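Engineer: Need a 3D model of the following:
(chains A, B, C and D)
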2 protein chains.
Amino acid sequence: MPPQTADLQDDGPIIRQSLPAEVATRLRDLITQGQLAPGARLNEVALCAQLGVSRTPLREAVRRLAGEGLVELVPARGGVVRRLTLKDAADSLTVLKALETLAGRLACAAATEAGIADVAALHAAMLDRYAARDRLAYFKLNQAVHTAIVALSGNETLAWAHGAIQARMKHLRFIGNAGERKWADAVAEHEEMVRALAARDGEALAEVLALHLDRTLDRVAPLI
Amino acid sequence: MPPQTADLQDDGPIIRQSLPAEVATRLRDLITQGQLAPGARLNEVALCAQLGVSRTPLREAVRRLAGEGLVELVPARGGVVRRLTLKDAADSLTVLKALETLAGRLACAAATEAGIADVAALHAAMLDRYAARDRLAYFKLNQAVHTAIVALSGNETLAWAHGAIQARMKHLRFIGNAGERKWADAVAEHEEMVRALAARDGEALAEVLALHLDRTLDRVAPLI
DNA sequence: CAGCTTCATACTGCATACAGTATGGACTCC
DNA sequence: GGAGTCCATACTGTATGCAGTATGAAGCTG
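Structural biologist: Purely as a prediction, here's the structure:
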């Protein structure tokens, strides 16, 4: 009989997080990986059958994505996967640049050594998956590095805004890993990022983050 | 979430926007104006009766506010109005500073003369309400000036992020207008902002915006 | 009297039925 | 033959019923 005070670790056994949140995560994955293409309508009953839930939690998940800007709600037509224009991508990357450079400066000042080590570990894992040309794993670790750096800033509002905008770009970045040369460039930029962070050189980190995001626009622009 | 422009005109012609959106707006007002105090639970049936809608659209509105960070969703307890800590306010203002300074620089470069004139008109109206010590109207026009400057940047993602974070601070700012001296300072800073914008001096605008937001933290900090 | 257990209540979360509306096709008229 | 109109269909938006759970009070025990 296990003691019923599971407060600390939450090894996530029995406690299921809210169903709509789970559905929203699965929908996000479907969008970033392209099973739900930009412009596609989200047919509620079809998705209900596919995901094995009822309409109410599914609708709530769709509204959540709408709040994040991933889907658009058309009256009497429901949700459609938002189609990013080139301007949308440029706008989002402009904002991401402002947010990440701020986060980089804050992180260099506020991060713990353990936190920096965690980022370095994520980066190392990413390099490993790059060497193996494991695109999906590389992609996820890449995103994780950016998210971790922002988290190190200790600013929750910053993390929130960054996460929401990053989610909008995920699909583009997911399909944008093609091109050996561009890929190598991106990896090199990440290398610089981690080095600057380890040295706690906020200005250098901000600079390379800005460069990285500017180049990201070049990398994804041909895809639109 | 569409950036909230429906404060001045928009007398709601024939086309009624979606019911949940309308309910969400009314809930936002209840929160910013304090009828729903921080920490208060959102009783669904009670609010349904008060607003004259059924549970489904009300629930959707509550989830929308949760997505914006105004309320927190506790499992099996529903929505509670989020209580801002001092750190939350400082974090949000830090991000707002990054966003608004960016917007200021972009606006000076991209705005049309008509757009700048619109901001000046809003500012003039605000001065008028300040002279009359009409706090509610002053407050709304103050927010409108900030929103309008951000809109002039032409960056929709920027406007989205700014609007969401600004909404979180609305209640604090609403109750934070007390103090004749602080109020006069804020008005003077706005004066500088509009002057810099009219001169299309992006650096000066960014600088005064940063100062304004730093001082906003000082102004609202005693309220937490 | 204090603390624990038990039970009634009320509220949230989910499922489903119903109504309103946009869409696509077929038929008719020019 | 082409265009306009009418209608059937399917899907969204809303309302409501039902089940699970947290909460608070009352009763019981040490």
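Engineer: How is chain A divided into domains?
Structural biologist: For chain A, automatic domain parsing gives the domain ranges A:19-81, A:86-223.
Engineer: Switch the ones you listed over to CSV; also include mean neighbour count and mean pLDDT.
Structural biologist: In this view, the C-beta of every residue, glycine as well, is placed from N, C-alpha and C. Converted to CSV, the domains of chain A look like this (neighbours: other CB atoms under 10 Å in any protein chain shown; pLDDT from 0 to 100):
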stretch, mean neighbour count, mean pLDDT
domain A:19-81, 17, 94
domain A:86-223, 18, 95
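Engineer: Let me have those in CSV, extended by distance to residue B:32.
Structural biologist: Formatted as CSV, the domains of chain A follow (distance: least, CB to CB, whole Å):
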stretch, distance to residue B:32
domain A:19-81, 18
domain A:86-223, 17
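Engineer: Within range of DNA strand C, give me the residues from chain A.
Structural biologist: Within chain A, the residues that sit near DNA strand C (CB under 7 Å from any atom of the strand) are A:18-20, A:53-57, A:60, A:76-77.
Engineer: Which pair in those has the greatest spatial separation?
Structural biologist: Pairwise distances across the residues of chain A next to DNA strand C (CB to CB) peak at 27.6 Å, for the pair A:18 and A:76.
Engineer: contacting residues for the closest residue to chain B within chain A?
Structural biologist: Chain B sits closest to residue A:67 of chain A, with a gap of 3.3 Å, by CB to the nearest CB. Residues near residue A:67 by CB atoms under 8 Å, 6 or more residues apart in numbering or on different chains: B:1, B:63-64, B:67-68.
Engineer: If we check DNA strand D, which of these are in contact?
Structural biologist: Among the contacts of residue A:67, no residue is within reach of DNA strand D (CB under 7 Å from any atom of the strand).
Engineer: just checking, residue A:73 is part of a helix?
Structural biologist: No - the assignment for residue A:73 is strand, going by DSSP: H, G, I helix; E, B strand; the rest coil, so no helix is present there.
Engineer: rewinding a little: next up, identify which helix or strand the residue of chain A closest to chain B is on.
Structural biologist: Secondary structure from DSSP states H and E places residue A:67 in helix A:55-68.
Engineer: What residues does chain A have near chain B?
Structural biologist: Counting by CB under 8 Å from any CB of the partner chain, chain A comes close to chain B at A:17-18, A:20, A:59-60, A:63-64, A:67-69, A:73, A:75, A:88, A:91-92, A:94-95, A:98-99, A:102, A:155-158, A:160-161, A:164-165, A:168.
Engineer: quick one: residue A:144 from residue A:121, how far?
Structural biologist: 10 Å (CB to CB, to the nearest Å).
Engineer: scratch that, residue A:64 is what I was asking about
Structural biologist: Using CB to CB, we find residue A:64 at a distance of 31 Å from residue A:121.
Engineer: Check residue A:60 too.
Structural biologist: Residue A:60 is 35 Å from residue A:121, by CB to CB.
Engineer: and if you look at residue A:111?
Structural biologist: Residue A:111 sits at a distance of 14 Å from residue A:121 (criterion: CB to CB).
Engineer: do residue A:48 as well
Structural biologist: Taking CB to CB, one finds residue A:48 at 40 Å from residue A:121.
Engineer: try residue A:36
Structural biologist: With distances taken as CB to CB, residue A:36 is found 32 Å from residue A:121.
Engineer: gap between the residue in chain A that DNA strand D sits nearest to and residue B:22?
Structural biologist: Distance from DNA strand D to each residue of chain A (CB to the nearest atom of the strand) is smallest for residue A:78, at 2.9 Å. Separation of residue A:78 from residue B:22 (CB to CB) stands at 18 Å.
Engineer: Same question for residue A:191.
Structural biologist: For residue A:191, the distance to residue B:22 - CB to CB - is 51 Å.
Engineer: Could you do residue A:89 as well?
Structural biologist: Distance of residue A:89 to residue B:22, given as CB to CB: 32 Å.
Engineer: try residue A:142
Structural biologist: Plainly put, residue A:142 is 41 Å away from residue B:22 if you go by CB to CB.
Engineer: One more: residue A:133?
Structural biologist: From residue A:133 across to residue B:22, the span is 51 Å (CB to CB).
Engineer: same deal with residue A:70?
Structural biologist: To residue B:22, residue A:70 is 23 Å away according to CB to CB.
Engineer: So which residues of chain A form strands?
Structural biologist: Taking DSSP state E as the criterion, chain A carries its strands at A:71-74, A:78-81.
Engineer: Work out the sheet partners of the first one and label each with its direction, please.
Structural biologist: Going back to what we said before, that points to strand A:71-74. Under the criterion DSSP bridges, strand A:71-74 sits next to strand A:78-81 (antiparallel) in its sheet.
Engineer: Check the offset of the strand it pairs with from the chain's centre.
Structural biologist: Strand A:78-81 sits 21 Å away from the centroid of its parent chain (CA atoms, centre = their mean, to the nearest Å).
Engineer: Name the residues that touch it?
Structural biologist: Here strand A:78-81 makes contact (CB under 8 Å, 6+ apart) with A:31, A:36-44, A:62, A:65-66, A:70-74.
Engineer: before we move on, what about stretch A:139-151?
Structural biologist: Contact partners of stretch A:139-151, identified using CB under 8 Å, 6+ apart, comprise A:99-100, A:103-104, A:107, A:115, A:118-119, A:122-123, A:125-126, A:129, A:158-159, A:162-163, A:166, A:170, A:173-174, A:177, A:186, A:190, A:193-194, A:197, A:209.
Engineer: Stretch A:164-181 too?
Structural biologist: Outside stretch A:164-181, the residues that touch it by CB under 8 Å, 6+ apart are A:28, A:31-34, A:38, A:68-70, A:82, A:84, A:88-89, A:92-93, A:95-96, A:99, A:135, A:138-139, A:142-143, A:146-147, A:183, A:216, A:219-220, A:223-224, B:157, B:161.
Engineer: Give me the subset of those that lies in helices.
Structural biologist: A:28, A:31-32, A:68, A:88-89, A:92-93, A:95-96, A:99, A:135, A:138-139, A:142-143, A:146-147, A:183, A:216, A:219-220, B:157, B:161 (DSSP state H).
Engineer: Thanks a lot, catch you later.
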